[in-house]
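Participant: Build me a structure from this.
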Amino acid sequence: MSISVQITIDENLFLKDPQESKLGKKAIKEGISLLDEIGLEAFTFKKLATRMGSTEATIYRYFENKHLFLVYLLSWYWEWMRFRIDFNSMNIVDPHEKIKIVIKTIVDTVRLSTPAEYIDRDALHRIVVVEGPKAYHIKQVDKENKQGYFKTLKALNKKIADILLVINPKFPYPKALASNLLEMGNDHFYYAQHLPGLTDINLKNGSMDELEQLMEFYVFRLLGKS
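Facilitator: All right, here's what the predicted structure looks like:
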């Protein structure tokens with residue numbers, strides 16, 4: 001399934017929006033590939049420039065540093081997921097069905113095509129899973145939060161929390177539950193692949209059905225629906 005949509009990213013995250021030029025899109029494409037390949041610690045703009053056949057100065061026209069490059073990629077993913085939740089639940093009234101769609105969207109985002117041909121969905125998902133926490137588990141998180149770096153993640157979390165509150169208006173922890181769902185979708189996917197002793201999920205033949213069932217069980221037990 002391919003949807004034509006423009007993903008808008010907060011301008012605080014870049015110096016020049018890479019989505020608006022051929023070279024910028026190439027930086028995103030090759031950056032995702034390199035980051036997925038070697039990880040954030042080893043990733044440098046010098047290495048990215050070499051892969052692109054360009055110069056470091058070219059990359060610095062778009063991003064101040066590799067941390068903001070990572071936050072940009074994550075924001076793109078979060079905004080894509082938020083759009084897909086809206087799109088998939090457009091004509092759904094029942095909040096129970098809506099939250100099931102939310103869970104399925106969290107689990108399935110990696111399996112559906114993205115609206116940009118230069119975005120490798122599988123590689124980006126691996127980056128979200130492995131490198132994602134490094135974007136905000138940092139010393140300067142409070143400063144960056146005030147600057148709006150994590151707006152897209154908070155907007156996504158609020159969208160999910162609002163649906164949870166419709167199911168149970170008295171539930172006291174909707175934002176916490178929403179963030180747990182987002183983390184579960186990544187953590188148990190990772191555990192099943194690399195640390196199976198930490199989860200009961202088995203990704204048989206690449207199926208996400210068990211993960212989806214776990215998340216539904218978790219939500220409805222907490223909200224008081226069996």
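Participant: Where do the helices of this protein begin and end?
Facilitator: 22-38, 45-52, 56-60, 66-88, 95-108, 121-131, 141-146, 151-167, 174-194, 209-223 (DSSP state H).
Participant: Can you tell me which of those is nearest to residue 15?
Facilitator: helix 56-60 (7.7 Å; C-beta to C-beta). In this view, the C-beta of every residue, glycine as well, is placed from N, C-alpha and C.
Participant: where does this structure have low pLDDT?
Facilitator: Along the chain, segments meeting pLDDT under 70 span 1-6, 109-115, 225-226.
Participant: Dump stretch 53-60 to CSV, restricted to CA.
Facilitator: C-alpha atoms of stretch 53-60 as CSV (Å, rounded to 0.1, in the frame of the first residue of the first chain):
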residue,chain,number,x,y,z
GLY,A,53,30.6,10.9,-3.1
SER,A,54,30.3,14.4,-1.6
THR,A,55,31.9,16.5,1.1
GLU,A,56,31.1,17.0,4.8
ALA,A,57,30.2,20.6,4.1
THR,A,58,27.4,19.4,2.0
ILE,A,59,25.9,17.4,4.9
TYR,A,60,26.3,20.3,7.3
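Participant: now the helices of the chain as JSON lines including distance to residue 16 and mean neighbour count?
Facilitator: Rendered in JSON lines, the data for those read as follows (distance: least, C-beta to C-beta, whole Å; neighbours: other C-beta atoms under 10 Å):
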{"stretch": "helix 22-38", "distance to residue 16": "7", "mean neighbour count": "18"}
{"stretch": "helix 45-52", "distance to residue 16": "14", "mean neighbour count": "17"}
{"stretch": "helix 56-60", "distance to residue 16": "10", "mean neighbour count": "15"}
{"stretch": "helix 66-88", "distance to residue 16": "12", "mean neighbour count": "21"}
{"stretch": "helix 95-108", "distance to residue 16": "31", "mean neighbour count": "20"}
{"stretch": "helix 121-131", "distance to residue 16": "21", "mean neighbour count": "18"}
{"stretch": "helix 141-146", "distance to residue 16": "20", "mean neighbour count": "12"}
{"stretch": "helix 151-167", "distance to residue 16": "19", "mean neighbour count": "19"}
{"stretch": "helix 174-194", "distance to residue 16": "29", "mean neighbour count": "18"}
{"stretch": "helix 209-223", "distance to residue 16": "38", "mean neighbour count": "16"}
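Participant: okay, those helices in JSON lines with distance to residue 11 next?
Facilitator: Converted to JSON lines, these look like this (distance: least, C-beta to C-beta, whole Å):
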{"stretch": "helix 22-38", "distance to residue 11": "14"}
{"stretch": "helix 45-52", "distance to residue 11": "20"}
{"stretch": "helix 56-60", "distance to residue 11": "17"}
{"stretch": "helix 66-88", "distance to residue 11": "11"}
{"stretch": "helix 95-108", "distance to residue 11": "26"}
{"stretch": "helix 121-131", "distance to residue 11": "21"}
{"stretch": "helix 141-146", "distance to residue 11": "14"}
{"stretch": "helix 151-167", "distance to residue 11": "11"}
{"stretch": "helix 174-194", "distance to residue 11": "24"}
{"stretch": "helix 209-223", "distance to residue 11": "33"}
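Participant: which non-adjacent residue is nearest residue 13?
Facilitator: Leaving aside its sequence neighbours, residue 13 sits nearest to residue 72 (C-beta to C-beta, 6 or more residues apart in numbering; 4.6 Å).
Participant: Could you measure from the closest residue to residue 52 other than its chain neighbours over to residue 180?
Facilitator: Of all residues not flanking residue 52 in the chain, residue 30 sits nearest, at 5.1 Å (C-beta to C-beta, 6+ apart). Residue 30 sits 34 Å away from residue 180, going by C-beta to C-beta, to the nearest Å.
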